[in-house]
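1. Dropping the sequence and predicted coords here.
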Amino acid sequence: MDMKLGLILLATLVNGLIGLVGGVIPTSFIQRNIGLVLAFAAGTLLGVAFFELIPEALTGGSSPVYLMSWVMGGFLLFHTVESLFQAHSCGEEGHRHTLIGPFILTGDALHNITDGVAIAAAFMVDVRVGIATSIAVILHEIPHEMSDYAILISQGYSRARSLLLLFLVQLTSVLGALVTYAAAQFMTEAVVPVCLALSAGGFIYIGAADLLPEVRNRRLAKNNLSSSAIFISGLAIMALFAYFE
């Protein structure tokens, strides 16, 4: 096996293991602090979209209007799917968004494919660049995956099922890496920005249209000040990762 291909596979497999990091959060903690957890998750999702995915998509040289159209397309796609399948059901506790889990996993899959593309492309330039890129990708995934785990638990997924699904979805980075390695940059410039933009639109929808209203309408947080502070902290963490990356 080619050394660079071996390093690419190793880096993406380690990245896949990051999908299990949410397991360090006790389920009882999530259930006791569900409002604050969802507020933090909304902040990290919007932070990933605005500070990482959209700026990265715009560096590809495509028209900003073209790429922002794909962002809006991702937003509308998630909204349309939720509307068609009537994901909102009313009860004594308010709205239950039954498609939040699948939406999170779909958005993550698109995001992780582009992570794999980034890792493979970096290793193909230089091993040192590949290692640095892999570290950056893995570090910025940690708070994101912890938030995703908390969201799945809040939607009724079991601990084992949540971790298994997040691990499998995280491994889509291997697919992105292998396609990039095999294609040797063929089609990468056209496809990657679109995937990033679609994923960003989906994350914006989940964070702004699903999670934040759920925190507010169900009054899950103990007080508005705490949930606002936690939400902003999620944004700030992803902004810092993007800045140093």
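-> Thanks, I have it.

2. Give me the pLDDT value at Tyr66.
-> As predicted, Tyr66 sits at a pLDDT of 92.

3. Quick check: phi and psi on it?
-> For Tyr66, the backbone dihedrals are phi -60, psi -50 (criterion: degrees, to the nearest 10).

4. neighbours of it, just the number please.
-> Applying the criterion other Cβ atoms under 10 Å, we find 12 residues in the vicinity of Tyr66. C-beta: built from backbone N, CA, C; applies to glycine.

5. That one and Gly107: what is the separation?
-> 20 Å (Cβ to Cβ, to the nearest Å).

6. just checking, what packs against the lengthiest helix in the chain?
-> Secondary structure of the chain per DSSP state H: the longest helix is helix 127-154. Secondary structure elements in contact with helix 127-154, counted by 3 or more Cβ pairs under 8 Å, 6 or more residues apart in numbering; DSSP states H and E, are helix 3-17, helix 27-32, helix 34-47, helix 100-125, helix 159-170, helix 224-244.

7. Show me what the mean pLDDT comes to for the fourth one.
-> Averaging the model's pLDDT scores along helix 100-125 yields 80.

8. Report the buried residues of it.
-> Of the residues in helix 100-125, those scored as buried under the neighbour-count criterion (16 or more other Cβ atoms under 10 Å) are 100-124.

9. got the angle between that helix and helix 3-17?
-> Using axes from the mean of the first three to the mean of the last three Cα atoms, to 10 degrees, the inter-axis angle of helix 100-125 relative to helix 3-17 is 160 degrees.

10. same thing with the last one?
-> Per the same axes, to 10 degrees, the angle that helix 224-244 makes with helix 3-17 is 180 degrees.

11. who does helix 224-244 touch, helix- and strand-wise?
-> Counting by 3+ Cβ pairs under 8 Å, 6+ apart, helix 224-244 packs on helix 34-47, helix 127-154.

12. can you do 6 Å?
-> Contacting helix 224-244 under the criterion 3 or more Cβ pairs under 6 Å, 6 or more residues apart in numbering; DSSP states H and E are the following elements: helix 34-47.

13. After the helix it packs on, heading C-terminal, what element do we hit next?
-> Next in sequence after helix 34-47, counting helices and strands by DSSP states H and E, comes helix 54-58.

14. just how off-centre is that next one within its chain?
-> With Cα atoms, centre = their mean, to the nearest Å as the basis, helix 54-58 stands 15 Å off its chain's centre.

15. Can you point out the buried residues in that helix?
-> By neighbour count, with 16+ other Cβ under 10 Å as the criterion, the buried positions of helix 54-58 are Ile54, Glu56, Ala57, Leu58.

16. ditto for stretch 71-85
-> Of all the residues in stretch 71-85, those buried under the rule 16+ other Cβ under 10 Å are Val71, Gly74, Phe75, Leu77, Phe78, Val81, Glu82.

17. Contacts for it, please.
-> Outside of stretch 71-85, the residues that reach it under the criterion Cβ atoms under 6 Å, 6 or more residues apart in numbering are Leu99, Phe103, Ala197, Leu198, Ala200, Gly201, Gly202, Ile204, Tyr205.

18. For Phe103, see how far away the third one is.
-> Okay, so that is Ala197. Counting by Cβ to Cβ, the gap between Ala197 and Phe103 amounts to 16 Å.

19. for this structure, which spans come out with low pLDDT?
-> Across the chain, the ranges flagged by pLDDT under 70 are 1, 82, 84-98, 125, 136, 139-140, 184-190, 217-223, 245.

20. same thing but at 50, please
-> Segments of the chain classed as low confidence (criterion: pLDDT under 50) are 87-96, 221.

21. most centrally placed residue in it?
-> What sits nearest the mean C-alpha location of the chain, by Cα atoms, centre = their mean, is Asp108, with 4.4 Å.

22. what's the nearest residue to it if we skip its chain neighbours?
-> Val169 (4.8 Å; Cβ to Cβ, 6 or more residues apart in numbering).
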